[in-house]
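Chemist: coordinates for the following, if possible.
(2 chains)
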Amino acid sequence: MTAIFFLVFAAFAVFCAINLVVQTHPIASALSLIGVMGSLAVLYLQLGGEFIAAAQVIVYAGAIMVLFVFVIMLLNAGAEGATFQVSRFVKYFGIFLLVGFLGLISFIIQGAMPKTDGVLFGAFQGTSLDVGRKLFTTYLLPFEVTSVLILIAIVGAIVLARKEV
Amino acid sequence: MPNAPVPLSWYLILSAVLFALGVAGFIFRRNIITVFMSIELMLNAVNLSFVTFSYQFKQVDGHIYSFFVMVVAAAEAAVGLAIILTVFKNRATLMIDEVNSMKY
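Modeler: Model prediction:
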C-alpha cells in the first residue's frame, strides 16, 4: 500500500516537474508546480511529517503559489517566444544525457544508502507536538531570527513595489 | 505483499530527480517567472531530502529545517516578485535575455 502510494505520487510529481520545465506559458508552469507540491505533501505524510505536510499545503500551495499566479495575471505574462535555436540532434542528445545523469545519480544513492528497513506509513510519527516542543526549545533562536527576516522581507517588498520607484 | 515497505533511497532518488529538473528549468527557461518557479522546485526537492533523513534518524529536526526553508522561500517569493514587478515596470519585458545591462 505504501509502495503503491509512493509510486503513484512520485510519478505524478515527476510528470508535473517535467511539465513545469516544458510548458511555455507561465500559468501552466504554475499549475504544474502546485501539482508537485501537492504530491510532495502526500509523501511527507507518508514519512510521518504531518505538520510539515500541512505547512506545505498551506504555505507553499496556498500562499506562495497564489502570489505567483497573482503576479502572472497582473503582468499579463504571455507565452514565451521561441527559446534557443538548437538543432534536433542537440535536443535529443541532451535528453539522453539528462536521463543518463539521473540514472547515475540513482545508482550512487542506491549504493550509498545503508540497507534499513524502509518506510512504512505510521512507523514514525513526527507529530506537531514534537515539532513544536523542539521548535521552541532547541531551535528557539533561529525561530526568533526568522521573524526579523520576514519583517525585512515585508519592508523590502513594499519599498521595491512602491509607485515612485 | 500487501504492505511492502518503500526503500528510503527511493525518496532520495525522487528528490534528486526533482532537483535536476529544477536546475534544467532554471537554465533553459527565459521567462523570469518560470525561472523563479524552478528555484521553488529545487527548494521543494531539498525539503523532501530533509524529511526523508528525518525519518531515517527518527528525529523531527529535519521537519524543522524544512519548515525554515519554507519560511525563507516565502520571504524570497515576496521580495523576488516585487523585484520582477519593478523590472517589468522599468523594462516592459519578462525575458531574462533582454535584462542584461549589468553584463557589459
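
Chemist: the most centrally placed residue in chain A: which element?
Modeler: Centroid-nearest residue in chain A: residue A:37, 5.2 Å away (criterion: Cα atoms, centre = their mean). Assigned by DSSP states H and E, residue A:37 belongs to helix A:26-46.

Chemist: my guess is residue A:106 contacts residue B:14. True?
Modeler: No - using Cβ atoms under 8 Å as the test, residue A:106 is too far from residue B:14 to be in contact (9.6 Å). Using the backbone N, CA and C atoms, a C-beta is placed for each residue, glycine as well.

Chemist: more crowded one of these two?
Modeler: residue B:14 (25 against 17; other Cβ atoms under 10 Å in any protein chain shown).

Chemist: what about the helix or strand hosting that one, average pLDDT?
Modeler: Using DSSP H and E, residue B:14 falls within helix B:8-28. Helix B:8-28 carries an average pLDDT of 91.

Chemist: what about the nearest residue to residue A:160 once chain neighbours are set aside, which SS state?
Modeler: Computed as Cβ to Cβ, 6 or more residues apart in numbering or on different chains, the closest residue to residue A:160 that is not its neighbour in sequence is residue B:82, at 3.8 Å. Per DSSP: H, G, I helix; E, B strand; the rest coil, the secondary structure class of residue B:82 is helix.

Chemist: give the contact list for residue B:82.
Modeler: A:156-158, A:160-161 (Cβ atoms under 8 Å, 6 or more residues apart in numbering or on different chains).

Chemist: got it, and residue A:86?
Modeler: Applying Cβ under 8 Å, 6+ apart, the residues contacting residue A:86 are residue A:94.

Chemist: report pLDDT for it.
Modeler: 72.

Chemist: quick revisit: separation between the residue nearest to the centre of chain A and residue A:65?
Modeler: As for residue A:37, its distance to residue A:65 is 7 Å (criterion: Cβ to Cβ, to the nearest Å).
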